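Enquirer: quick one: sequence plus predicted model below, questions after.
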Amino acid sequence: MTKVKDKSALVLDGNVVKVRLMAERQALKSMVHVDWLRFTVRLRNAPPFLTDQRATSTSVWDEGYRLNKLLSLINELPDHERDACGQAAELADRVCMALGFEFNRGVEMGKGHDFYKRRWPLHRNGAEVGWVGFGAASDSPRQRAQAESLHVNLYGVACTFAEHGWAERMARIIDDLDGKITRADLALDFFDGFSGGIERVLEEYRAGLCDNYGHRPVMRDINWAKGCSRSLYLGSKEAGKETNIYEKGDQLFGEKIGSKWLRFELRYGNKFRVLDTDLLRRPSDFFAGASEWHAAILREAGDVAVPEQIHITPQPALMSVKAECVRNALWTLESAAPSIALAFQYLDDEQFLELVTHKKKPKRLASFSHADLTEAYSEAFSQFVVPRSGPVAMSLQ
């Protein structure tokens, strides 16, 4: 039977979080803080696994034991996973250093999440507060591409209890490794209550005050009928931009305490957007840049910010290059492949290279840049399975 925390424990936990957030606010002179962070690093850019330069652990565990344990775990893995495992461990240690002395990499690997095969857990006081994932959970084309990356996921509790300045240090890591932020949550807290409460947010939404460039975000609510622990969601994860307005006090202290604490949490994803690391350095500016309504809420909290927008990636062009590459891949496999195979078999190397190099792009692909085609063309071919015998199996979704 699971033991439920009593009311005093809930209040204590909630007060600890509140004090920590207020201290962060004072230290950084910013009302908005980063409450969740995820980013991805390509394996080729990740730190190498160096067994003779491992005096970087923030753990109180004996370093020799941790290294021997790590080497033992690596040696148990298949050959193709060992380098990634060591690189993930190095990245996990670097992330822990940025978070602060209380954080360390777990000595045991865990099962992966989000289609990564394995993960190194990140701990604070023995509890998992994040992870670094590596390896692919399957052999699908998309998973094979994912196997060439490492992924860092820092939960809200890690962000809350990290040492001051952690977000700036994390931004430097991401920049140094040419990583990509895939999720960042920016939180604005009204500890003593928001004038008009969550009801006012609903009224402003209905009045069109939350519209952005004439577009009204999708709205959904949770627990509204109960009158407590309520949440409003504006926007959607699928669109890469969602704001959750919820009664944080109820979440931390329990409903019966009657806390007025209301949180505005802006959640950015990298779908349709490129999330700059400056978002970690200047969270208030990017919160204000989400819309005029977000900027007004921030002003009401007493923060002065210079709105910084995260622009939507032009999707028509992106979708167009992918579609054209798929068409070209289909044509190549269905029509040109037998001729290419014949030329490869009967021409010498010089003749074959002359045939396939220094040629203009097909007309339908001519308008796209090298950068556009590099990823899209490879991805287009990886969608199709070409068996060693039998017809080519293809489908165009």
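Expert: Sure, I can see it.
Enquirer: what's the weakest-modelled helix or strand in the protein?
Expert: In the chain, no helix or strand scores lower on mean pLDDT, DSSP states H and E than helix 63-75, which sits at a mean of 71.
Enquirer: next SSE after that helix?
Expert: As assigned by DSSP states H and E, the chain's next helix or strand after helix 63-75 is helix 79-99.
Enquirer: now do that next one: which elements does it pack against?
Expert: Packing partners of helix 79-99 (3 or more C-beta pairs under 8 Å, 6 or more residues apart in numbering; DSSP states H and E): helix 63-75, strand 103-105, strand 116-124, strand 127-136, strand 149-154, helix 166-176. In this view, the C-beta of every residue, glycine as well, is placed from N, C-alpha and C.
Enquirer: kindly recompute the last result at 10 Å.
Expert: strand 32-42, helix 63-75, strand 103-105, strand 116-124, strand 127-136, strand 149-154, helix 156-161, helix 166-176 (3 or more C-beta pairs under 10 Å, 6 or more residues apart in numbering; DSSP states H and E).
Enquirer: pull up the pairing partners for the third one, direction included.
Expert: This means strand 103-105. Applying DSSP bridges, strand 103-105 is found paired with strand 116-124 (antiparallel).
Enquirer: can you tell me the average pLDDT over the partner strand?
Expert: The average of the pLDDT scores along strand 116-124 is 95.
Enquirer: let's see it as CSV, backbone CA atoms only.
Expert: This file holds the C-alpha atoms of strand 116-124, laid out as CSV (Å, rounded to 0.1, in the frame of the first residue of the first chain):
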residue,chain,number,x,y,z
TYR,A,116,15.9,5.7,-27.0
LYS,A,117,17.1,2.2,-26.1
ARG,A,118,18.9,3.0,-22.8
ARG,A,119,19.4,6.0,-20.5
TRP,A,120,21.8,7.3,-17.9
PRO,A,121,19.6,8.6,-15.0
LEU,A,122,20.5,12.0,-13.5
HIS,A,123,20.0,12.0,-9.7
ARG,A,124,19.5,14.5,-6.9
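Enquirer: tell me the angle that strand makes with helix 79-99.
Expert: In terms of direction (axes from the mean of the first three to the mean of the last three C-alpha atoms, to 10 degrees), strand 116-124 departs from helix 79-99 by 30 degrees.
Enquirer: now strand 116-124 against strand 127-136, angle please.
Expert: Going by the same axes, to 10 degrees, strand 116-124 makes 160 degrees with strand 127-136.
Enquirer: and the spatially closest residue to Lys18 that is not a sequence neighbour, what does it touch?
Expert: The shortest distance from Lys18 to any non-neighbouring residue, by C-beta to C-beta, 6 or more residues apart in numbering, is to Phe191 (6.3 Å). Contact analysis of Phe191 by C-beta atoms under 10 Å, 6 or more residues apart in numbering lists Lys18, Leu21, Met22, Arg25, Lys248, Gly249, Ser259, Lys260, Trp261, Leu262, Arg263.
Enquirer: please report how far Phe191 lies from Gly179.
Expert: 33 Å (C-beta to C-beta, to the nearest Å).
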